[in-house]
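Student: please find the sequence and the predicted model below.
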Amino acid sequence: MKLMDKIDFNREIRRENLLISLKNEAASINLADIMQASLYLQEDAKYVQHGYREKFVESYVKGFLNRIRELKGDKNKYKGYVDNEELLDALNLLKDQESQVADQDLFNPSFFKIYKLISIYTTFILEEPIHPVGTPFPGGFEVKYDEKQYYCPVKEKQKDNPGAVCGFCIAEQDESV
């Protein structure tokens, strides 16, 4: 991820400056990239249980496309700083994930570029969970917000999964699950 090369982790990183870096990378994402990423998500959905597949595709494709559009057009001013160590850990995890699948036939560079950008944007700029509120999960569960905290039905089971971004997502485990 080019972002890692542009950030000085020896200094405090302002959220506003991180946003500028993310937007600069997002500027190179075009309609073809978005279409490729969308097709990848739809193809990946064929492994999702049948009764949940339609909701999965709708939620993930819509959320994915909305987030990249939101990032590209974000004109908000964000105060404060990011946690350098957490950001570096997140970027390293995303880099490792990409390396693990880069040799596979189904690897989709467009998907991964968008996936990395929106994961960092959502977590460190918006300070929201990576999966938007209302994202459905098997069993009828979904990501929730109670005006103070975000809750995820799968956080605890996935937080140590090297193929998931749950480890740096700000949502807490939904204890009602």
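Tutor: Great, that's in hand. Residues are numbered from 1 along each chain as shown.
Student: contacts and neighbour counts: CA atoms only from here.
Tutor: Noted.
Student: quick one: buried residues of the helix or strand containing residue 70?
Tutor: Assigned by DSSP states H and E, residue 70 falls within helix 50-73. Within helix 50-73, the residues that count as buried by 16 or more other Cα atoms under 10 Å are 53, 56-57, 59-61, 63-65, 67-68, 71-72.
Student: same check on stretch 29-36?
Tutor: Per 16+ other Cα under 10 Å, stretch 29-36 contains these buried residues: 29, 33, 34.
Student: pLDDT of it, averaged?
Tutor: On average, the pLDDT along stretch 29-36 is 92.
Student: can you tell me how far the residue positioned nearest the centre of the chain sits from residue 131?
Tutor: In the chain, the residue lying closest to the centroid (Cα atoms, centre = their mean) is residue 119, at 2.5 Å. Distance, residue 119 to residue 131, by Cα to Cα, to the nearest Å: 9 Å.
Student: residue 114 now?
Tutor: 14 Å.
Student: thought residue 117 was touching residue 22?
Tutor: Yes - if you go by Cα atoms under 8 Å, residue 117 and residue 22 touch, sitting 6.5 Å apart.
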